[in-house]
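Predicted model and sequence below, questions to follow.
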Number of protein chains: 2
Amino acid sequence: MKIIILKENLKKGLEIIEKIIGRNLTLPILNNILISTEENLLKLSGTDLEIGINYWALCKVEKQGGITVPAKFLYSFISSLPDEKIQLEVKNKALYIECKNYKTQIKGDSVEDFPIIPKIETENFIEINSSPFSQGISQVVDFTTLNQTKPEFSGIYFNFQKNKVNLASTDSFRLAEKILYFEKEIQKNNSFILPQKTAHTVVNIFSQKNTKMKVYFSSNQVLFEEPFLEISKPRIQIISRLIEGQYPNYQEIIPKEYKTEIIVSRDEFLNQIKTASLFSGNTNEVKIKVKEKEQEMEIFSQNTELGENQSILKSKIKGKDMIISFNWKYLLDGLAHLSSSEVVIKLSSEEGPAILKPKGDENYLYVVMPIKGI
Amino acid sequence: MKIIILKENLKKGLEIIEKIIGRNLTLPILNNILISTEENLLKLSGTDLEIGINYWALCKVEKQGGITVPAKFLYSFISSLPDEKIQLEVKNKALYIECKNYKTQIKGDSVEDFPIIPKIETENFIEINSSPFSQGISQVVDFTTLNQTKPEFSGIYFNFQKNKVNLASTDSFRLAEKILYFEKEIQKNNSFILPQKTAHTVVNIFSQKNTKMKVYFSSNQVLFEEPFLEISKPRIQIISRLIEGQYPNYQEIIPKEYKTEIIVSRDEFLNQIKTASLFSGNTNEVKIKVKEKEQEMEIFSQNTELGENQSILKSKIKGKDMIISFNWKYLLDGLAHLSSSEVVIKLSSEEGPAILKPKGDENYLYVVMPIKGI
């Protein structure tokens, strides 16, 4: 193999792939990246056996071939080089790198030792805009949990139906749901559970991009693919296994009726919860008194060692007065994913689930269970 | 005690003091801050028994008194409050804090339980400008070492002589020296060894300030004092014990003669050393070949597992060709403290100390020992 490529083009691909690569001691070849030529393109591949990523870059190919070298090391090294053309050449099981003022060789392994990244066997795909899709995923991606008896809870649920997709995740203490609409109706409804690491990878790679991407799905695999703008070939592919099992009917958990509705400034609520959290001790409990007459919430927390804190938050309140306790971490996590200046809180009862949502947006909600009174 | 103070004024003092306070398990009172009134001022004090800090702030005193409360906790809490007036009141061994929308109490201990921060018994002081003085300290503060047989090496050496002060530190592998000049000659020469933590504290507090400060010294203590601008009283005091012992005659280590002088771009040298460091392995060794005829340095490093790297750096070179090895960490540490765009490197021999200094500045130098050849 011998090619010439711009440093920035090479670095972009390495950056995407090195993120999914860990430090695997039992299968050290997984710490490597596969570098090879494919016609007039450079192809970079990496896998952790759950996710595989392929990345193609434009370059000048002088000789076909390939090699595998340590991924994180190559990324650090290429990042440290000046912004110039780089020549990559494979000789004697090593990658020779030449760039203005630099001559380097990195020891590698042959292409045959690298695990094969599977291809997906389906023509069944949906085309979507990368940026809103991955930003939608980012609003639910943090609420999964590792649970041996319920492996479904370790993933994000994608439910494609007609002109929309519902994204959901839960760890049984809280639940987030995002709905995204498409311009065209899709031809075939479909649902799957995506591992959290893949979901994070999709968010990292695509949330800043304003391009079209294709989502292919088979019964046990999914492929996210971005094409080149210049040529009709894939530029990035993320292939992932899916989590087996039936996602629970989470809609049942979302309360349909509520006794009290509160509208409040997101930032002020967030600040007062943060301050209260300092006093809450090991239980993480903050108590909220909702007072319709005064049109205010009183936020209270205490700790036998440190002391106590009470604050007043002016709010628009409709409904029954209530005293309800929450784990402050769950409240902050929810508020962090609401981007509106005002948020709507709906309380079903002192012991039942509460809903947080951005004011004026019906496409996102966060359900949180209160701490039950003693 | 009952006072009213602006949040920002209180926060500034807490911020300075909480930094020196650790988590002391054997003497938990040291985790506290002492809050008291002194005439019409609020006084905050903290100590780790090596350093003590006093901080005075303007406020409205309604009732004299004091209390001690956990320092880091109080700082976190006050920081979380809105920018408003705050009322502090001591009642029943607790600090009651009231601020717009907030009512809080923090449990405390009585003033008598707090260790006394010693006063310095001397009238002997030097007046200096805070900012150049503390920036000068910052250029030598990182090169101390903890050495049981040579406790002097754990501190920074201050040597006040006539119209200047020489600041120096060394860990025996490298040495840094900074010279600062005064407008007026000082009346009495003096020298002392300051603990590194105190030096860091002085840098943190004073390097952004453009004020006059006084340095008082006795045989075993030093006091750094900044006055109020508005009233003739101290605003900040840092009192520290000094390290006993005789500082070694470090001037002997600085080579007076050299065989080769190199002038090179600081940033390019720094980048090439960083890249070379990736290949250097456990020894941290990078090898530099100095070639006068080619007017270049060749920087080389290798690692049996990963591979090797060679880079070429154009330089102005006068003197003997040489091959010399350094620990890349020591080179980077030195370069990080040189702020000029070009640096001067002086080599005495393959095995003798090298000097790094900013081009055009005779008041700072960094001496580093090479790794000796096998």
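Noted; the coordinates are in hand.

pLDDT below threshold where in chain A?
The model of chain A has pLDDT under 70 over residues A:373-374.

ok now do residue A:129, which residues does it touch?
The contact partners of residue A:129, by C-beta atoms under 8 Å, 6 or more residues apart in numbering or on different chains, come to A:210-213. For glycine as for every other residue, the C-beta is placed from the backbone atoms N, C-alpha and C.

how near is it to residue A:228?
Distance from residue A:129 to residue A:228, counting by C-beta to C-beta, to the nearest Å: 17 Å.

again with residue A:55
11 Å.

same question, residue A:76
27 Å.

swap in residue A:250?
Counting by C-beta to C-beta, the separation of residue A:250 from residue A:228 is 38 Å.

From the opening residue of stretch A:171-187 to its closing one, how far?
Criterion C-alpha to C-alpha, to the nearest Å; first-to-last residue distance in stretch A:171-187 is 32 Å.

I misspoke; the intended subject was stretch A:154-167.
14 Å.

and that stretch, which residues are buried?
A:154-160, A:165-167 (16 or more other C-beta atoms under 10 Å in any protein chain shown).

ok, now stretch A:334-343?
Buried residues in stretch A:334-343, counted by 16+ other C-beta under 10 Å: A:334-335, A:337-338, A:342-343.

tell me how far it is from the chain's mean position?
18 Å (C-alpha atoms, centre = their mean, to the nearest Å).

okay, it in PDB with CA atoms only?
Extracted in PDB, the C-alpha atoms of stretch A:334-343 (Å, rounded to 0.1, in the frame of the first residue of the first chain):
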ATOM      1  CA  GLY A 334     -34.200  15.800  33.400                       C
ATOM      2  CA  LEU A 335     -33.800  19.600  33.400                       C
ATOM      3  CA  ALA A 336     -30.500  19.300  31.600                       C
ATOM      4  CA  HIS A 337     -32.300  17.800  28.600                       C
ATOM      5  CA  LEU A 338     -35.000  20.500  28.400                       C
ATOM      6  CA  SER A 339     -33.800  23.400  26.400                       C
ATOM      7  CA  SER A 340     -36.800  25.700  26.700                       C
ATOM      8  CA  SER A 341     -36.700  28.700  29.100                       C
ATOM      9  CA  GLU A 342     -39.800  27.600  30.900                       C
ATOM     10  CA  VAL A 343     -40.700  24.000  31.800                       C
END
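
do it and chain B meet?
No - using C-beta under 8 Å from any C-beta of the partner chain, stretch A:334-343 stays clear of chain B, coming no nearer than 14.9 Å.

re the thing from before, in strands only, show me the buried residues of stretch A:154-167.
The strands, defined by DSSP state E, take in A:155-160, A:165-167 from these.

Switch those residues over to JSON lines; also include distance to chain B.
Putting these into JSON lines (distance: C-beta to the nearest C-beta, whole Å) gives the following:
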{"residue": "A:155", "distance to chain B": "36"}
{"residue": "A:156", "distance to chain B": "33"}
{"residue": "A:157", "distance to chain B": "36"}
{"residue": "A:158", "distance to chain B": "38"}
{"residue": "A:159", "distance to chain B": "40"}
{"residue": "A:160", "distance to chain B": "43"}
{"residue": "A:165", "distance to chain B": "39"}
{"residue": "A:166", "distance to chain B": "37"}
{"residue": "A:167", "distance to chain B": "33"}
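
What is the nearest of the buried residues of stretch A:334-343 to residue B:8?
Nearest to residue B:8 among these, counting by C-beta to C-beta, is residue A:335 at 25.8 Å.
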